[in-house]
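Visitor: Following is a predicted model, sequence given first.
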Amino acid sequence: MIKKKLCCILAEGSILMGLCCACAGSQNAEITEKQLESTPIETAASDAAEIKTDVETDIEIDATADAAVAPDLNRNGIPEEVRLTALEDGQGQQLEIWEKDELIDREVGGFAHTGWTSVFLCTLDGEDYLLRYNPTMYQGVGLYDYSLSTLIENKKTVVQQNHVQFDINFGSPVHNGFDPEEIAAFMEEINALLSNSVVLLNTDSDLQGTFEKEGRLYDSLWWLDSQEPVFAREQKKSMLENLKDFQVAMTAVQPPAVIEEVEALPITEPLELLFYSGAGAWMTSLALNPDGSFVGEYSDANCDTVYVCQFHGQFGNVGKLTDASWLLTMEELVLDTGHELGEQWDVTEEGCTIHYIASEPYGFDGMDWTALESGAQFILYSPKATGHEPGTELYGAVEFQSWLHKRREFLSEDDVLGCWGLQNMETGRGFFESTNT
């Protein structure tokens, strides 16, 4: 059936052009996913005005000092000019770096949470660099990253970068790790760079508040001070020691979810679920049956080449987490493509030749991009699942939310998923009911 569908598709010029432009092999799907993973979900627009007032004041205070700096980011011996201006819509700031009459770099920061941007001039051993720091925290899930770059030949060139991920929802079924040593090492690294920097643009109100509290450019992790009386930072202790104490204290008050054994899935007819990003010509479809059996198919078209995988399997050991979520254990996963992984073959029908490559079952694979083993766990969410506060089904499931076919905010108990969803617990990737497309 796949072969006939694809021949028809490739026979139509307009669709063929779309497939060729997509060039969305499994490698491209990985790139697309990484881009999505690094994009936080939209936050409440009503907060923007308050954020704008706070950050705008802070930037105004810093602007005079920043305007006086004259870096040499492209290393040609000619001092550059730094300009900081307001966006026309009043919702952010724009940083421009000029050399004489030539604009060589522009950075934009918004006052709303999703537009927060922090850019610094970092000077190391007499050489100037742009330091971009993004300490993103959403629903208790942190993704902190930085990059150090030059503008040699007026092109942005990253010379150093790093990141760290962590999750402070310790009792949640979707908790995704918290490594005090890894976090402390990253913070030591970024703070060493900040100590040699001056602010050029900063619309991150959380980071600005931390700088003001510390009286210097130093990120002490504001969320360590947000859990009193459960945890209170001890100033005499190192950041690593406080992170370890934080982990112990928060784990004690956030016990693991209680799982109630149930006999069957909470559905009475097959669910048609889809996993895709909306970018590229790839998709994995899944039919989940009430008895826990499932059948799936992955297809990724790149011009006349198609990565394909057909599979089936069985879920068992169903456990009820909440009235709107269930933990499933995959007992079996069988690939039905009929060819060994990586094997290639051609099929010609009605003058149309398709080149096939046997692939892994994208969506039912792990972080290493290979098929999951028996025992892998998934969570099934009903349309009533919410995510507006800690303890609700979707709170902290940031990666899963990023795969929603229609993005939405979870701001109150009235904001629900609206469709059935299935989350791969190893990767966070999500399948959603086809009626949500």
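Guide: Right, received. Where do you want to start?

Visitor: where along the stretch 301-437 of the chain do the helices fall?
Guide: Under the criterion DSSP state H, counting those that start in this stretch, the stretch 301-437 of the chain contains helices at 398-402.

Visitor: Any stretches of it with poor pLDDT?
Guide: 435-437 (pLDDT under 70).

Visitor: check contacts around residue 250.
Guide: 168, 170, 227, 230-231 (CB atoms under 8 Å, 6 or more residues apart in numbering). Every C-beta, even on glycine, is put in place using the N, C-alpha and C of the backbone.

Visitor: Quick one: end-to-end length of stretch 87-105, please.
Guide: 16 Å (CA to CA, to the nearest Å).

Visitor: Show residues contacting that stretch.
Guide: If you take CB under 8 Å, 6+ apart as the criterion, stretch 87-105 is touched by 48, 52, 56, 59, 71, 73-74, 76, 78, 80-86, 106-112, 115, 119, 130, 151, 154, 156, 200-201, 203.

Visitor: if we can go back for a sec, please report which of the contacts of residue 250 has the highest neighbour count.
Guide: residue 168 (22 neighbours; other CB atoms under 10 Å).

Visitor: Show the backbone phi and psi for that residue.
Guide: phi -100, psi 10 (degrees, to the nearest 10).

Visitor: could we number from 371 for the rest of this?
Guide: Okay, using 371 as the starting number, the last item reads as residue 538.

Visitor: thought it was touching residue 546?
Guide: No. Residue 538 lies out of contact with residue 546 (CB atoms under 8 Å); the separation is 10.3 Å.

Visitor: Need the overlap of contacts for the two.
Guide: Joint contacts of residue 538 and residue 546 (CB under 8 Å, 6+ apart) are residue 511.

Visitor: Show me what the mean pLDDT comes to for stretch 535-546.
Guide: For stretch 535-546, mean pLDDT rounds to 93.

Visitor: now that stretch, how far from the centre of its chain.
Guide: Put simply, stretch 535-546 sits 15 Å off its chain's centre (CA atoms, centre = their mean, to the nearest Å).

Visitor: For residue 660, which three-state class applies?
Guide: Following DSSP: H, G, I helix; E, B strand; the rest coil, we place residue 660 in the coil state.

Visitor: Tell me how far it lies from residue 696.
Guide: 12 Å (CB to CB, to the nearest Å).

Visitor: Residue 757 too?
Guide: The spacing between residue 757 and residue 696, counted by CB to CB, is 16 Å.

Visitor: what's the answer for residue 800, then?
Guide: Distance, residue 800 to residue 696, using CB to CB: 15 Å.

Visitor: With residue 554 instead?
Guide: In terms of CB to CB, residue 554 sits 37 Å off from residue 696.

Visitor: Settle it for me: which of the two has more neighbours?
Guide: residue 696 (24 against 19).

Visitor: residues contacting the more buried one?
Guide: Going by CB under 8 Å, 6+ apart, residue 696 touches 632, 635-636, 688-690, 749-750.

Visitor: Which stretches in the stretch 521-670 of the chain count as strands?
Guide: In the stretch 521-670 of the chain, the segments counted as strands under DSSP state E, counting those that start in this stretch are 527-537, 567-572, 630-631, 641-645, 652-658, 663-672.

Visitor: least reliable of those strands going by mean pLDDT?
Guide: When I compare the strands of the stretch 521-670 of the chain, strand 630-631 is least confident, with a mean of 92.

Visitor: what's it packed up against?
Guide: strand 675-692 (3 or more CB pairs under 8 Å, 6 or more residues apart in numbering; DSSP states H and E).

Visitor: so what does the strand it packs on touch, helix or strand wise?
Guide: helix 372-381, strand 630-631, strand 663-672, strand 695-705, strand 722-728.

Visitor: pretty sure residue 439 is touching residue 490, no?
Guide: No. Contact between residue 439 and residue 490 fails when scored by CB under 8 Å: they sit 10.6 Å apart.

Visitor: Those two: which has the busier surroundings?
Guide: It is residue 490, of residue 439 and residue 490, that has more neighbours when counted by other CB under 10 Å, with 23 against 15.

Visitor: Identify the residues contacting that one.
Guide: 500-503, 563-564, 567-570, 587.

Visitor: at 7 Å what do you get?
Guide: 501, 503, 564, 567-570 (CB atoms under 7 Å, 6 or more residues apart in numbering).

Visitor: And for residue 584?
Guide: Per CB under 7 Å, 6+ apart, neighbours of residue 584: residue 590.

Visitor: Now do the same for residue 453: helix, strand or coil?
Guide: strand.

Visitor: any idea how far it lies from residue 481?
Guide: Residue 453 is 19 Å from residue 481, where distance means CB to CB.

Visitor: the more surrounded of those two?
Guide: The neighbour comparison of residue 453 against residue 481 (other CB under 10 Å) goes to residue 481, with 25 against 15.

Visitor: for that one, phi and psi?
Guide: Main-chain dihedrals, residue 481, degrees, to the nearest 10: phi -80, psi -20.
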